[in-house]
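[1] Output the structure for:
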Amino acid sequence: MEVKAGELLEQINYPSDLKKFSESDLERICQELRQYIIDVVSVNGGHFAASLGVVELTVALHYVLNTPYDQLVWDVGHQAYGHKILTGRRSVFHTNRMHNGISGFPKRAESEYDTFGVGHSSTSISAALGMAVASQYKGEKDRQHVAVIGDGSMTAGMAFEALNHAGIENTNLLVILNDNCMSIDPNVGALKEYLTDITISRPYNKFRDDISNVLGKLSELGPNAHQMVKMIEKSIKGTLLKRSNFFEALKFRYFGPIDGHDVKHLAKVIKELRSIPGPKLLHCVTVKGKGFSLAEKDQTKWHAPGLFDKITGEIKKSVSDKPQPPKYQDVFGHTLVELAEANPNIMGITPAMPSGSSMNIMMKAMPDRAFDVGIAEQHAVTFSAGLATQGMVPFCNIYSSFMQRAYDQVIHDVAIQKLNVVFCLDRAGLAGADGATHHGAYDLAFMRCIPNMVVSAPMNEEELRNLMYTAQQENMGPFAIRYPRGTGVMADWKRPFKAIPVGKGRKISDGEEVAILTIGHIGNEAVKACHELSSLGIHPAHFDMRFVKPIDEDLLHDIFANFSKLVIVEDGCLQGGLGSAVLEFMSDNLYSATVIRLGIPDEFIEHGEQPELWAECGYDAGAIIKAVEKMAVIRTTKSLAS
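    Sure thing, here's the model as predicted:
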């Protein structure tokens, strides 16, 4: 659904159009841009509060910088809607995050203004530094490089690594710290407290404002005065606020904190910073959800609220008279509390995703046993490993695509030491509208190749509960449970726990000629397919493997003894997953069969709703039906030939 823009915004297709307006028009442009984001997201969905919080910063940056020649990198990209609207995509913004529409994140293939593809946090400073060093090498002395990073993203180790390196490179790099005390959930840790100290220090802020004019005049005296200005400025910051020299210690010039919603002042400061050489950090204080009162009050809820009434603020939800299946993440959250009540050694760990993973349920019920460690997946895994060495049973809940960031820690710190860390991988498989950066396509493959690791996937909510129950049994070792985004299939899911024999699958339905092997939630698409096929007189058998490692060899021996045609279905990459495991078993045991593998092909899949993407990749119920029918065609052709 297209939405009409305001009078001034309607005239802006690219930053060059924005520059035609006077500074006195910037506040109105910000108002219209903020309203346009509200209008479109309310009817089409998407990330919301983050982009509202950086409207003024977005306008100021594109007003002052010569983008795309000056290179602007947005960290994560949740906040880049205003950037997209101002850089040639206003007319298609209504397709944001929709199948075959524009991406919800900056994407190099989409626009030259998107200088770096993002989606995971804390990459912006590293990327912008790489660009800045390349420009310096090529002699592009006038080219600016800006990384906009939130205080939540600044908690990741990669951001500190980049700051450490950038401090010794004399490049045109400006880091803008968008400080709103939020990622998706409220920020945690010592860095948040440190930034709060700076923000609320009245002596520092008052004296900083009083001295700025004096230093500005002093710097006009000549080049030798520049070093004197830096020395005086550093001394003032260190004296008035003992901990305020953190960024200065990394050889960044620190400026701020300033009001991130004063667009005129932002434009003035950014313009002045262009002429200052070397690495710089501008500390902007903003409000996530700015301009939409409900989003300002409940920033977590309004991070990505779905469709809503922009007047009343009512979030639109589907209503049904029948009990509905819960989200897998909520089954995890409630089940973890149940298990922890019975097992005092269970701990919960999440890297900055308490609401997204439903770890917040345990954090509320047992605050001393559940930890949000910030955006720090590597630390989350090794912290869990440390807990496990002391007899704890940590349930480390990380989105599948984010687990990629901690792969070395999984191998080095957990698997080698055979520690009982339970990895609960949420958003496994094709995750939906967030697209390629968030799809959990690879966990079956990259976990399966690790020694000592158990790799499992539940087909429904009851199976998730039972796998969690099984994983915390004594002497279990590293244990991965992967499950998808969204709801399951069982409204009546809260049933008594049953231990599942590790490495054992199960038969879902008897059949003849063709065997369908599945793992995880996608097995429910096979159930639909079998029902439809039975009406056509075709009766395949269906097996839920449950474990890709160790794989159920007894069950596979039985399958190969009775079926010469297999369809293997997984919501994961075809290379290295369930299909590969079955083919390896077939080869090692000298079996022969006709096998069709359905799963994610060897390419990055774009965004869309999960059923749309399953169909696009060819492993939904319809694709399973076609694969089984193809087996029947092969049988018919062979019988005619004989």
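
[2] going forward, measure contacts and count neighbours with C-alpha atoms only.
    Fine.

[3] next one: phi and psi at V285?
    Backbone torsions of V285, given as degrees, to the nearest 10, read phi -100, psi 120.

[4] And for I349?
    Torsion angles, degrees, to the nearest 10, at I349: phi -140, psi 130.

[5] Any buried residues in stretch 404-412, and which?
    Going by neighbour count (16 or more other Cα atoms under 10 Å), the buried part of stretch 404-412 is 404, 406-407, 409-411.

[6] Need the contact partners of that stretch.
    Outside of stretch 404-412, the residues within contact range by Cα atoms under 8 Å, 6 or more residues apart in numbering are 377-378, 381-382, 450.

[7] Who wins on neighbours among the residues you listed?
    The most crowded member of the contacts of stretch 404-412, judged by other Cα atoms under 10 Å, is V381 (30 neighbours).

[8] is it fair to say that one lies in a helix?
    Yes. The assignment for V381 by DSSP: H, G, I helix; E, B strand; the rest coil puts it in a helix.

[9] Give the full set of residues in contact with it.
    Counting by Cα under 8 Å, 6+ apart, V381 has contacts 396, 406, 409-410, 413-414.

[10] rerun that using 10 Å as the cut-off
    349-351, 387, 394-398, 403, 406-410, 413-414, 421-423 (Cα atoms under 10 Å, 6 or more residues apart in numbering).

[11] just E161 next, same as before
    Going by Cα under 10 Å, 6+ apart, E161 touches 125-126.

[12] That one is in what secondary structure piece?
    Using DSSP states H and E, E161 sits in helix 157-166.

[13] For beta bridges, what are the partners of D372?
    T350 (DSSP bridges).

[14] pLDDT wise, what is it at?
    D372 carries a pLDDT value of 95.

[15] Just give the number of residues close to it.
    22.

[16] And for the one 3 residues further on?
    Neighbours of I375 under the rule other Cα under 10 Å: 25.

[17] And for V454?
    For V454, using other Cα under 10 Å, the count is 25.

[18] so what's it up against?
    V454 makes contact with 415, 422-423, 447-448, 471, 476-481, 502-503, 547-551 under the criterion Cα under 10 Å, 6+ apart.

[19] so where do the helices sit in the stretch 501-642 of the chain?
    In the stretch 501-642 of the chain, the helices defined using DSSP state H, counting those that start in this stretch lie at 523-535, 553-562, 578-588, 610-617, 621-641.

[20] Mean confidence (pLDDT) on stretch 469-479, please.
    Stretch 469-479 shows a mean pLDDT of 95.

[21] Can you give the distance of that stretch from its chain's centre?
    Here stretch 469-479 is found 27 Å from its chain centre; the criterion is Cα atoms, centre = their mean, to the nearest Å.

[22] Restricting the selection to alpha carbons, write that stretch to CSV.
    Output in CSV follows, covering the C-alpha atoms of stretch 469-479 (Å, rounded to 0.1, in the frame of the first residue of the first chain):
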residue,chain,number,x,y,z
TYR,A,469,14.3,-32.2,29.2
THR,A,470,16.7,-34.8,27.6
ALA,A,471,19.5,-32.3,27.1
GLN,A,472,19.9,-31.5,30.8
GLN,A,473,20.3,-35.1,31.8
GLU,A,474,23.6,-36.0,33.6
ASN,A,475,26.7,-36.5,31.5
MET,A,476,25.0,-35.4,28.3
GLY,A,477,27.7,-33.2,26.8
PRO,A,478,27.3,-30.5,24.1
PHE,A,479,23.7,-30.5,22.9
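
[23] now for the top strand by length along the chain, which elements pack on it?
    The residue-count maximum for a strand in the chain (DSSP state E) belongs to strand 565-573. Where contact means 3 or more Cα pairs under 10 Å, 6 or more residues apart in numbering; DSSP states H and E, strand 565-573 is packed against helix 443-448, strand 514-519, helix 523-535, strand 541-544, helix 553-562, helix 578-588, strand 594-600, helix 621-641.

[24] now, of those, which is deepest in the fold?
    Across the helices and strands packed on strand 565-573, averaging neighbours per residue (mean count of other Cα atoms under 10 Å) puts strand 514-519 on top, at a mean of 27.

[25] tell me the average confidence for it?
    On average, the pLDDT along strand 514-519 is 98.

[26] next one: stretch 597-604
    Mean predicted confidence for stretch 597-604 is 98.

[27] can you give me the end-to-end distance of that stretch?
    Start to finish, the residues bounding stretch 597-604 are 18 Å apart (Cα to Cα, to the nearest Å).

[28] Mind listing residues that contact it?
    Under Cα under 10 Å, 6+ apart, the answer for stretch 597-604 is 429-430, 435-437, 439, 441-442, 516-518, 522, 566-575, 577-580, 582-583, 613-614, 616-620, 623-624, 627.

[29] can you list the weak-confidence ranges in the protein?
    Low-confidence segments of the chain, defined by pLDDT under 70, are located at 1, 182-188, 198-244, 633-642.

[30] Would you mind splitting it into its domains for me?
    9-201+241-297, 328-482, 506-641 (automatic domain parsing).
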